[in-house]
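[1] Predicted structure and sequence below. I'll ask about it afterward.
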Amino acid sequence: MAELKNDRYLRALLKQPVDQTPVWMMRQAGRYLPEYRELRAKAGDFMSLCRDADFACEVTLQPLRRYDLDAAILFSDILTIPDAMGLGLRFETGEGPVFDRPITCLRDVEKIGIPDPEDELGYVMNAVRTIRKGLNGDVPLIGFSGSPWTLATYMIEGGTSKAFTKIKKMAFAEPKTLHLLLDKLADSVISYLNAQVAAGAQSLMIFDTWGGILSPRDYREFSLRYMAKIVDGLTRENEGRSVPVTLFTKNGGQWIEEIAATGCDAVGLDWTIDISDAKARVGDKVALQGNMDPSMLYASPERIGQEVQHILEQYGHDNTGHVFNLGHGIHLDVPPENAGAFIKAVNELSRPFHK
Ligand code: CP3
């Protein structure tokens with residue numbers, strides 16, 4: 001078993017006792033950090049950072065040099081899979097991701113193959129291997145992917161959307177076409193995430209950013225069902241250790257029991273649910289990750305500390321099962337010192353909860 005100096009994050013996900021609540025931040029590597037912006041300018045653009053293993057490693061490590069974080073997350077993006085499927089991904093400044101060849105009909109879906117993780121997506125696996133070396137066993141590395149539903153929204157809408165009319169039209173007018181796409185995406189995600197584990201990822205997270213725009217019935221049919229298929233297909237042990245899986249549906253608070261029933265190890269929460277309610281509902285079944293509103297990082301260090309204390313009290317004096325995080329990604333105009341105040345508050349204020 002490779003040595004791991006700080007395994008608090010993995011232990012909490014597996015509900016083993018910890019000395020303090022582990023913490024990391026969604027989108028902890030990124031534009032709010034001046035050193036990230038500098039390196040991105042040097043690389044040229046975002047995808048060039050992702051495609052170069054040394055750049056991706058450097059960017060992954062940047063937040064860890066500033067803050068006492070308990071996990072690193074692979075620097076990449078959820079849209080690498082649709083890009084490898086040939087949709088032509090571009091990141092336009094101010095516009096977000098854009099696909100040149102979005103999916104419009106059954107023929108488009110039939111043409112799509114399952115990308116080979118060591119070929120078309122080999123650059124991601126190289127990044128994972130390089131980052132594992134760069135981390136030198138300090139903290140675990142999180143690998144990740146988007147959920148099939150969330151990936152499909154970008155592939156069908158052609159980019160970011162507000163009303164999601166194109167994918168909903170397909171869901172309700174041509175459900176078979178959408179199910180074929182979601183099934184191919186689920187198979188692609190399974191092979192992609194298992195390759196990340198083989199390359200060195202020690203935990204996995206699935207981002208279902210847009211599952212929360214669906215009705216409960218449609219969430220089950222179009223999103224949860226495919227995440228459950230993925231959970232069933234994942235490698236859950238490697239290097240003599242469990243590889244915990246976290247599912248995060250933004251705005252999915254009303255479905256946490258069903259998410260927990262997929263067999264995942266942890267459920268990610270956004271800030272629209274009290275973590276005490278979530279805990280009462282899922283019991284011992286899964287660990288919980290979350291759930292401070294990322295906009296709280298605009299507040300003073302005192303206010304941030306109060307909010308951290310409040311969330312810790314809500315989770316209660318339980319020795320394990322909570323990974324502190326933001327309820328969604330950190331905003332790009334947050335002062336880095338405020339992120340530092342947040343991490344410090346979790347590290348210091350959580351200790352009395354683990355005596
Ligand atoms: O520290 C980390 O978490 C870095 C790795 C990471 C990125 N994206 C880097 C990135 C992760 C885990 C993601 C996930 C991701 N990407 C999600 C799911 C999580 C969420 O936020 O809901 C989604 C929906 C995407 C798709 C995506 N990628 C969008 C919508 C955008 C543009 C808008 C935005 O938020 O920046 C991206 C680009 C992107 N991915 C950037 C980064 C650092 C910014 C690119 C740049 O430098 O200009």
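    Good, I have the coordinates. Residues are numbered from 1 along each chain as shown.

[2] can you count the residues close to A339?
    23 (other CB atoms under 10 Å). Where C-beta positions appear, they are placed from N, C-alpha and C, glycine not excepted.

[3] For the helix or strand encompassing it, give me every contacting residue.
    Assigned by DSSP states H and E, A339 belongs to helix 336-349. Outside helix 336-349, the residues that touch it by CB atoms under 8 Å, 6 or more residues apart in numbering are 20-21, 23, 25, 28, 32-34, 63, 66-69, 292, 296-299, 301, 304-305, 308-309, 312, 324, 330.

[4] Is it possible to mark the buried ones in the residues you listed?
    Neighbour-count burial (16 or more other CB atoms under 10 Å) applied to those gives 20-21, 23, 25, 28, 32-33, 63, 66-67, 69, 292, 296-297, 299, 304-305, 308, 312, 324, 330.

[5] Among those, which are located in strands?
    M292, F324 (DSSP state E).

[6] can you narrow the buried ones among the contacts of helix 336-349 to ones near the ligand?
    With CB under 6 Å from any ligand atom as the criterion, the buried ones among the contacts of helix 336-349 include Q28 near the ligand.

[7] Can you pick out the ones from the buried ones among the contacts of helix 336-349 that are in helices?
    P63, R66, I304, G305, V308, L312 (DSSP state H).

[8] and the residues you listed as a markdown table, adding distance to F91 and pLDDT?
    Shown next, in a markdown table, are these (distance: CB to CB, whole Å; pLDDT from 0 to 100):
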| residue | distance to F91 | pLDDT |
| --- | --- | --- |
| P63 | 21 | 98 |
| R66 | 25 | 98 |
| I304 | 30 | 98 |
| G305 | 35 | 98 |
| V308 | 33 | 98 |
| L312 | 37 | 98 |
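
[9] What is the nearest of those to R101?
    R101 has its nearest neighbour among those in P63, at 34.1 Å by CB to CB.

[10] Settle this for me: that closest one is touching A29, isn't it.
    Yes - under the criterion of CB atoms under 8 Å, P63 makes contact with A29 at 5.5 Å.

[11] can you list the residues of the stretch 101-250 of the chain near the ligand?
    Close to the ligand, as judged by CB under 6 Å from any ligand atom, the stretch 101-250 of the chain has residues F144, T160, F207, T209.

[12] And the stretch 251-355 of the chain, by the same measure?
    So the stretch 251-355 of the chain meets the ligand at G329 (CB under 6 Å from any ligand atom).

[13] Going along the chain, name the helices of the stretch 201-350 of the chain.
    Remark: helices assigned in the stretch 201-350 of the chain by DSSP state H, counting those that start in this stretch are 216-218, 225-233, 256-260, 275-282, 301-315, 336-349.

[14] With the stretch 1-150 of the chain instead?
    Taking DSSP H, counting those that start in this stretch as the criterion, the stretch 1-150 of the chain carries its helices at 8-13, 34-43, 46-51, 53-66, 80-84, 106-111, 122-135, 148-157.

[15] of the ones you listed, which approaches A266 most closely?
    Closest among those, using CB to CB: helix 8-13, at 5.0 Å.

[16] what packs against that closest one?
    With contacts defined as 3 or more CB pairs under 8 Å, 6 or more residues apart in numbering; DSSP states H and E, helix 8-13 has these neighbours: strand 203-208, strand 287-292, strand 322-326.

[17] Let me see the contact set for Y315.
    By CB under 8 Å, 6+ apart, the neighbours of Y315 are T21, I275, S276, K279, L288, H322, F353.

[18] these two touch, right, the fifth one and I275?
    Just to be clear, that refers to L288. Yes - between L288 and I275 there is a contact at 6.1 Å, judged by CB under 8 Å.

[19] shared neighbours of the two, anything?
    Common contact partners of L288 and I275 (CB under 8 Å, 6+ apart): L269, Y315, H322.

[20] Which one of those is nearest to the ligand?
    If you rank the shared contacts of L288 and I275 by distance to the ligand using CB to the nearest ligand atom, L269 comes first, at 13.6 Å.

[21] Any idea how many residues pack against that closest one?
    26.

[22] I'd guessed it sits against L288; true?
    Yes - proximity of L269 to L288 meets the contact threshold set by CB under 8 Å, at 6.0 Å.

[23] Now do the shared contacts for the two.
    With CB under 8 Å, 6+ apart as the test, L269 and L288 both reach I275, A278.

[24] residue contacts, I275?
    L269, L288, G290, N291, I311, Q314, Y315, H322.

[25] could I get those residues as TSV with pLDDT?
    Below are the contacts of I275 laid out as TSV (pLDDT from 0 to 100):
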residue	pLDDT
L269	98
L288	98
G290	97
N291	98
I311	98
Q314	98
Y315	98
H322	98
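
[26] nearest to Y9, of the shared contacts of L288 and I275?
    Nearest member of the shared contacts of L288 and I275 to Y9, counting by CB to CB, is H322, at 10.9 Å.
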